[in-house]
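[1] Structure, please.
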Amino acid sequence: MNNKTEIPIYSHNTIEFVTVSAEFCAYLEQLEGKNRHEFIETMQKLLPLLYLKALLLPQVDSEGDFLPDDQVTEADYNWIRNAIYQIMKESDEYEDLVYDEGMQTEESKWKTISEGLADMYQALRNFVSAYQQRVEACMLDALWCVRDNFELYWGQNLVDTLKQLHKIRYVLNSGSDEEDL
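    Numbering: from 1, shown residues only. Reported below is the predicted structural model:
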């Protein structure tokens with residue numbers, strides 16, 4: 001395994017995921033001046049790509065001994081969430097039906113696009129930050145963690161958010177000027 005491309009943290013699919021994750025984070029960090037139409041359009045491109053790249057991540061094992069510290073502070077998280085809310089305003093909150101496996105029932109839950117994207121930002125910014133530190137043991141644990149969290153949490157969050165963004169753009173605003181989205 002002398003060739004870095006054979007090591008999961010340097011695989012082609014991992015590097016592409018790092019690239020898309022960094023692009024997603026950078027976009028959210030530069031939201032000032034963006035309008036709702038531009039924001040929704042960009043998220044509709046980035047989120048499916050992010051989902052695809054996460055699906056292609058290599059399976060890795062980790063004991064979690066070298067998980068890097070979280071880089072996203074509460075202030076960072078709140079800034080991202082508020083910036084998204086300022087763009088989405090009244091379209092931020094939506095009702096989602098969630099199926100409870102244990103109870104075998106559906107229940108209605110209120111969610112927000114801003115919180116969903118801020119949660120994804122937090123997971124992905126922490127991951128990208130671990131890669132920027134270039135400590136291989138931390139990179140491996142960060143890869144394991146981001147993939148595990150994708151399967152358990154933020155992957156579903158991404159799908160739910162994308163579904164609502166699609167609904168806002170094409171269903172709720174049909175017949176209105178696209179610039180008013």
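[2] can you give me the strands in this structure?
    Using DSSP state E, the strands found in the chain span residues 93-100, 105-112.
[3] measure the most centrally placed residue in the chain to residue 154 for me?
    In the chain, the residue lying closest to the centroid (CA atoms, centre = their mean) is residue 120, at 3.2 Å. Per CB to CB, to the nearest Å, residue 120 is found 5 Å from residue 154. Any C-beta I mention is one placed from the backbone N, CA and C, and that applies to glycine too.
[4] mind listing what residue 105 touches?
    By CB atoms under 8 Å, 6 or more residues apart in numbering, residue 105 lies in contact with residue 99.
[5] same question but for residue 98, I mixed them up
    Counting by CB under 8 Å, 6+ apart, residue 98 touches 106-109.
[6] okay if I get these as a markdown table plus neighbour count?
    Output for the contacts of residue 98, formatted as a markdown table (neighbours: other CB atoms under 10 Å):
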| residue | neighbour count |
| --- | --- |
| 106 | 10 |
| 107 | 10 |
| 108 | 8 |
| 109 | 11 |
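[7] Give the partner strands of the helix or strand bottoming out on mean pLDDT in the chain in its sheet and their orientations.
    Here the helix or strand of the chain ranked lowest by mean pLDDT, DSSP states H and E is strand 93-100, holding a mean of 85. Strand 93-100 pairs in its sheet with strand 105-112 (antiparallel), by DSSP bridges.
[8] How far does the strand it pairs with sit from its chain's centre?
    On the basis of CA atoms, centre = their mean, to the nearest Å, strand 105-112 is displaced by 20 Å from the centre of the chain it belongs to.
[9] what does stretch 121-138 give?
    14 Å.
[10] how far away is the nearest residue to residue 89 once chain neighbours are set aside from residue 63?
    Leaving aside its chain neighbours, residue 89 sits nearest to residue 36 (8.0 Å; criterion: CB to CB, 6 or more residues apart in numbering). As for residue 36, its distance to residue 63 is 44 Å (criterion: CB to CB).
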